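Colleague: Got a predicted structure plus its sequence, pasted below:
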Amino acid sequence: MSIEVERSANGEEVKLYVSENFDFSQHKEFREAYRNEAPDAKYIVNLSNAKYMDSSALGMLLLLRKHAGGDSAQIVIEEIPVDVRKVLEVANFHKIFKLK
């Protein structure tokens, strides 16, 4: 399994762990991981094990943002490897997501 999900007991926080290559091959699994969660939950995407990210992963993050309320979404992307952070910053994702 390349996407692991950890939910808080009260359902207010959903943590998604992405491993290996964050690319189109994980699209279905990533979407299924948050699909039934409350839109107003706080989402944390942990990329500590991601070695690669492509443009489809950027699209997946935007779909998560849309699900979570768009501009009012509470999404944190954490533990980002240097190469993956570069992709996020070139795409200006630091302006719409909180990067830790």
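Modeller: That came through, no problem. What you see is a predicted model, and the numbers here were worked out from it, not measured in a lab.

Colleague: Where does the prediction get shaky in this structure?
Modeller: Within the chain, the segments meeting pLDDT under 70 span 1.

Colleague: where along the protein do the strands fall?
Modeller: Listed in chain order, the strands of the chain (DSSP state E) span 3-7, 13-22, 42-53, 74-78, 98-99.

Colleague: helices and strands around the shortest one, which ones?
Modeller: If you count contacts as 3 or more C-beta pairs under 8 Å, 6 or more residues apart in numbering; DSSP states H and E, strand 98-99 packs onto strand 74-78, helix 82-90. Backbone N, C-alpha and C define where each C-beta goes, glycine included.

Colleague: Pull the residues that contact the shortest one.
Modeller: Surrounding strand 74-78, the residues in contact under the criterion C-beta atoms under 8 Å, 6 or more residues apart in numbering are 40-48, 61, 64-65, 68, 88, 93, 97-100.
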